[in-house]
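[1] predicted structure and sequence below. I'll ask about it afterward.
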Amino acid sequence: MTKELLKGNIAFAEAAVRAGVDAYFGYPITPQTEALEYLSHRMPALGRAFVQAESELGAINMVYGAACTGRRTMTSSSSPGVSLMMEGLSYIAGTEIPMVLVDVMRGGPGLGNIAPAQSDYKHIVHGGGHGDYYPIVLAPANIQETIDLTYGAFELAEKYRSIVVILIDGSIGQMMEPAELPPMKPRKKQFPEWATDGCEGRPARFLTSISLDPPKQEITNLRILKRWQEARANEVICKEYFMEDARYAVVGFGTAGRVALSAVRTARAEGIPVGLVRPVSLHPFPEEVMKRLSKTLDGMLVVEMNNGQMLDDVLVYTKESLPISFIGRPGGVIPMAEEIYSSIQQLVNNPPPIGSSPRDRWFAKVCKEKGL
Amino acid sequence: MQTEIIIAGFGGQGVLFAGQLLAYTAMEEGLDVTWYPSYGPEMRGGTANCTVIIADEEIGAPMVSRPTACIAMNLPSLDKYENMVKPDGVLIVDSSMVDRPLKREDIKSVAIPGSKLAEELGNKRMSNMILLGALIANLPAVISLEAFERSLKEHLPERHMHLLEANLTALEKGATFIAV
């Protein structure tokens, strides 16, 4: 297999094709539109379904209908478009059917801008749509990872009858890197026992998210939680760099994680024993990794392209039992490696008191710098 | 070992494609590479730039504040990036698009009348190739001109194939400009 120079948006689209996606429904929005454009010719050429819907609401409800047939179904969008899809996502979760969503995040809230951001962590990882449901959320940091995770996303969604979200940002959507595409999988020919795809010769099946009898809805919610508990036990992915002898760790996902890698390398060259922990599965979150590190390290720095959304999860599992700092760039700004490096130096040379709020300390500094 | 290159100019000058060709060459040489474009709302006639990072290990940050090298194809790009180039780095400027002298003395600066030379070679739009030729010649440890020419032959769009020879000439012309 040879490497190709691939743009993120094209890479995940082709990875989905090779994973056997049967139907794609979407609506254009920067910075993910290349995926939609690519699939608009790629899918029909393979005899598969592609629809540019009239809106994100249309697209997600088309996904809902198609996913009920047990076929591999996906959509992609960017932050404001994903907000519009939230009702449909909750219905899909409540109906317990699998689907894949790619969210190429941009600066928000509101219409915001089209620059890369990690604005949607809480809204994707901790809900967004109403009700108790638990999407599996994967956050690649480069093109190869984006391909590999998208390729595996459909089977993961089917295994847990769950929504799988590939959470990237505009920079991964727009950048090009050498990567290998996997082989084309044959499309599925066997469909699950719940699929509503025509009942000739068999009893009719029924799929819905409405359950007017509360005790029955309660059972549904508990069944969704049961599948989630299995995913939580089995599907954690977390990458570690330079952690063998590290006394400190920078924690960051996606693009913030890869920028932190540059900062960690600089710090290592200066003799600072620091490593990088890059959660790839954001949901399930690498809880055990955080618990273990909180007991063994001398300090932790969380880096995000938002105001500290994952930070809250890190604090839950570390119980704030070690010095923790935070640095964030919200609104569509990519942090520079130098600012992360200087935060590493600060953490090491002047560790903050245990239990003091990392966000408050970061924010006080930012207010001073920006005159807020 | 990592090299960061920023290519900047007006939309339509071939800034993004020039960066892609560097990325293809690096990939075909077995190196790791990241090509990251500006993709703001500005389009034709506005400013465009891309960052190409070439390394022999997994690439971290896709953007840098201190690049190893920069090609500035117009005055706004020169004004923006001249001060950012790392000491001992390389700055290649299209002097036919810029009406001021270069300031830095701690970097290797090369001023080439790229647009004018390209026009003499038959097509003003080949100025990107002249400047790329100079960049590659002034960064000899990163990629070779021969490797770049191979990837140009491979990746020049079909509709421009009749210009391949002229592009190669432009590239080699640019490669004669070595910083003193």
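    Received the coordinates, thanks. Numbers count the residues shown, from 1 in each chain, chains lettered A, B, ... in the order given.

[2] CA atoms for contacts and neighbours, from now on please.
    Noted.

[3] A:A195 sits in which helix or strand?
    Secondary structure assignment for A:A195, by DSSP states H and E: no helix or strand.

[4] what number of residues lie near it?
    18 (other C-alpha atoms under 10 Å in any protein chain shown).

[5] so the residue in chain B positioned nearest to chain A, which of the three states?
    At 3.8 Å from chain A, B:A61 is the closest residue in chain B, using C-alpha to the nearest C-alpha. The three-state assignment at B:A61 reads coil, by DSSP: H, G, I helix; E, B strand; the rest coil.

[6] check contacts around the nearest residue to it once chain neighbours are set aside.
    Leaving aside its chain neighbours, B:A61 sits nearest to A:V259 (3.8 Å; criterion: C-alpha to C-alpha, 6 or more residues apart in numbering or on different chains). A:V259 is in contact with A:P335, A:M336, A:A337, B:G60, B:A61, B:P62, counting by C-alpha atoms under 8 Å, 6 or more residues apart in numbering or on different chains.

[7] out of those, the closest to A:P284 would be?
    Of all those, A:P284 sits closest to B:G60, with 24.3 Å by C-alpha to C-alpha.

[8] show me what contacts the nearest residue to that closest one once chain neighbours are set aside?
    Spatial nearest neighbour of B:G60, chain neighbours left out: A:R258 (4.4 Å); criterion: C-alpha to C-alpha, 6+ apart. Applying C-alpha under 8 Å, 6+ apart, we find A:R258 in contact with A:A141, A:G252, B:I59, B:G60, B:A61.

[9] what's the answer for B:A118, then?
    So B:A118 contacts B:K124, B:R125, B:M126, B:S127, B:I130, B:A170 (C-alpha under 8 Å, 6+ apart).

[10] make a PyMOL selection of the buried ones in those residues.
    With 16 or more other C-alpha atoms under 10 Å in any protein chain shown as the criterion, this PyMOL line picks the buried residues out of those:
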select buried, chain B and resi 125+126+127+130+170
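
[11] where does the most centrally placed residue in chain A land in three-state SS?
    In chain A, the centroid-proximal residue (C-alpha atoms, centre = their mean) is A:L167; its distance is 2.8 Å. What three-state DSSP gives for A:L167 is strand.

[12] the one 10 residues further on now?
    Following three-state DSSP, the label given to A:E177 is strand.

[13] I'd say it and A:I143 touch.
    Yes: A:E177 sits in contact with A:I143 when judged by C-alpha atoms under 8 Å, with a separation of 6.1 Å.

[14] any shared contact partners between those two?
    Counting by C-alpha under 8 Å, 6+ apart, the common neighbours of A:E177 and A:I143 are A:L6, A:K7.

[15] so who does A:V250 touch?
    Going by C-alpha under 8 Å, 6+ apart, A:V250 touches A:A260, A:V264, A:V274, A:G275, A:L276, A:V277, A:M300, A:L301, A:V302, A:V303, A:I344.

[16] and the third one, how many neighbours does it have?
    Taking other C-alpha under 10 Å as the criterion, the count of residues near A:V274 is 28.

[17] for beta bridges, what are the partners of it?
    A:Y248 (DSSP bridges).

[18] what pLDDT does it get?
    Here the pLDDT value assigned to A:V274 is 98.

[19] so who does it touch?
    Neighbour list for A:V274: A:F242, A:M243, A:A246, A:R247, A:Y248, A:A249, A:V250, A:V264, A:A267, A:R268 [criterion: C-alpha under 8 Å, 6+ apart].

[20] which of those lies closest to chain B?
    A:V264 (9.6 Å).

[21] which stretches of chain A form strands?
    In chain A, the strands defined using DSSP state E lie at A:4-7, A:23-26, A:49-52, A:73-77, A:99-105, A:136-138, A:163-169, A:176-179, A:238-241, A:248-251, A:274-279, A:281-283, A:299-304, A:324-328.

[22] got TSV for the ones you listed, with distance to A:R187 too?
    Shown next, in TSV, are these (distance: least, C-alpha to C-alpha, whole Å):
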stretch	distance to A:R187
strand A:4-7	24
strand A:23-26	11
strand A:49-52	13
strand A:73-77	12
strand A:99-105	15
strand A:136-138	23
strand A:163-169	19
strand A:176-179	23
strand A:238-241	30
strand A:248-251	38
strand A:274-279	31
strand A:281-283	26
strand A:299-304	38
strand A:324-328	42
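
[23] neighbour-wise, which one of the contacts of A:V250 leads?
    Of the contacts of A:V250, A:A260 is surrounded by the most neighbours, 34 neighbours in total, counting by other C-alpha under 10 Å.

[24] quick check: that residue touching A:A337?
    Yes: checked against C-alpha under 8 Å, the pair A:A260 and A:A337 is within contact range at 6.2 Å.

[25] mutual contacts of those two, please.
    In terms of C-alpha under 8 Å, 6+ apart, A:A260 and A:A337 are both contacted by the residues B:A61.

[26] how is chain A partitioned into domains?
    In the assignment given by automatic domain parsing, the structural domains of chain A cover A:4-234, A:239-370.

[27] quick one, which of those domains gets closest to B:E120.
    Within these, the stretch nearest B:E120 is domain A:4-234; the backing value is 32.9 Å (C-alpha to C-alpha).

[28] what about that closest one and chain B, any contact?
    Yes: contact of domain A:4-234 with chain B is found when judged by C-alpha under 8 Å from any C-alpha of the partner chain, involving A:L5, A:I114, A:A115, A:S171, A:Q174, A:M175, A:M176, A:E177, A:P178.
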